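1. Any chance you could fold what I've pasted below:
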Amino acid sequence: MITAIEALQHLREGNRRFVSGVRDRSTLTSRARRSELLAGQEPLAVVLGCSDSRVPAEIIFDQGLGDLFVVRVAGNIVAPPQVGSVEYAAEHLGTRLIVVLGHSMCGAVLATLEEIECGTEIRSPNLRSVIDRIRPSVEALLQTHLREDPKALVWHAVRANIRASANHLRHESQILKPLIERDGLLVVCADYSLETGIVDFFDDPPETG
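-> As a prediction, this is how the structure comes out:
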């Protein structure tokens, strides 16, 4: 089983290749790889990311078939189905790295800020459920000096939302907590830049070079 630190290194290196426009040929889909995976899967990382079409985890980390267990939902929020999916990968597949991946100019975060600031009416109860999960992590930012700097506000709001999801996984899951405490499971925060293609692992994840 690959460790969390080793998996994080793979993702860092993969993102560097993506940014450079040089893909590892081993990540390309092949009949042999498909056949190999019939016996089971051992993904090196779980990625809880946003549904945004511009942020496909396998591509931005230059990973191949069977390498990542990806859970995507608008705003990279955590609700019971997302938590359960992450728990399955950690408990049953042995994956020891969980990455909560947000991105710049996240539409779900922008919609939440707009609703708080302008009182925009959200008619869909389903969309409302997404915004209601983002709102607590970003609302306080509007009471700071960031209210006068829209660009900085969005940047901080995106990261606050990523941290909220990561902290929920770390502290609210009865499956993940003991794996973190005793079995080397690591939950890290990551922010993908649409402008540069770079993934920034923030909040001091372990250094891997």
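
2. Please enumerate the strands of this structure.
-> According to DSSP state E, the chain carries its strands in the segments 45-49, 68-72, 97-103, 186-192, 199-202.

3. between those strands, which gets nearest to residue 33?
-> In terms of Cβ to Cβ, the element of the strands of the chain nearest to residue 33 is strand 68-72, at 13.7 Å. C-beta: built from backbone N, CA, C; applies to glycine.

4. mind checking how far the closest one is from the chain centre?
-> Offset of strand 68-72 from its chain centre (Cα atoms, centre = their mean, to the nearest Å): 9 Å.

5. now stretch 188-207
-> The chain centre lies 10 Å from the centre of stretch 188-207; the measure is Cα atoms, centre = their mean.

6. ditto for stretch 171-184
-> On Cα atoms, centre = their mean, the centre of stretch 171-184 falls 18 Å from that of its chain.

7. Contact partners for the spatially closest residue to residue 102 that is not a sequence neighbour?
-> Leaving aside its sequence neighbours, residue 102 sits nearest to residue 162 (Cβ to Cβ, 6 or more residues apart in numbering; 4.1 Å). For residue 162, the contact set (Cβ atoms under 8 Å, 6 or more residues apart in numbering) comprises 76, 100-102, 189-191.

8. ok, now with 10 Å
-> Shown in contact with residue 162 (Cβ atoms under 10 Å, 6 or more residues apart in numbering): 48-50, 75-76, 99-103, 106, 109, 137, 188-191, 202-203.

9. Would you mind checking the residues you listed for buried ones?
-> Buried by 16 or more other Cβ atoms under 10 Å: 48-50, 75-76, 99-103, 106, 109, 137, 188-191, out of those.

10. Measure how far the worst-scoring helix or strand of the chain on mean pLDDT is from the centre of its chain, please.
-> For the chain, the helix or strand with the lowest mean confidence is helix 31-36, at a mean of 86 (criterion: mean pLDDT, DSSP states H and E). Offset of helix 31-36 from its chain centre (Cα atoms, centre = their mean): 27 Å.

11. Can you list the buried residues in it?
-> Counting neighbours by 16+ other Cβ under 10 Å, one finds that helix 31-36 has no buried residues.

12. try stretch 171-181
-> Across stretch 171-181, burial judged by 16+ other Cβ under 10 Å covers 173, 176, 179-180.

13. and the closest residue to residue 159 other than its chain neighbours, what is it in contact with?
-> Closest residue to residue 159 apart from its sequence neighbours, by Cβ to Cβ, 6+ apart: residue 191 at 6.0 Å. With contact set as Cβ under 10 Å, 6+ apart, residue 191 has these partners: 100-104, 106, 155, 158-159, 162, 198-203.

14. in the sheet, who's paired with residue 191?
-> Note on residue 191: beta-bridge partners by DSSP bridges are residue 102, residue 200.

15. Name the residues of stretch 67-84 that come out as buried.
-> 67-78, 82-83.

16. how near is the residue nearest to residue 102 to residue 171?
-> Plainly put, residue 162 is 15 Å away from residue 171 if you go by Cβ to Cβ, to the nearest Å.
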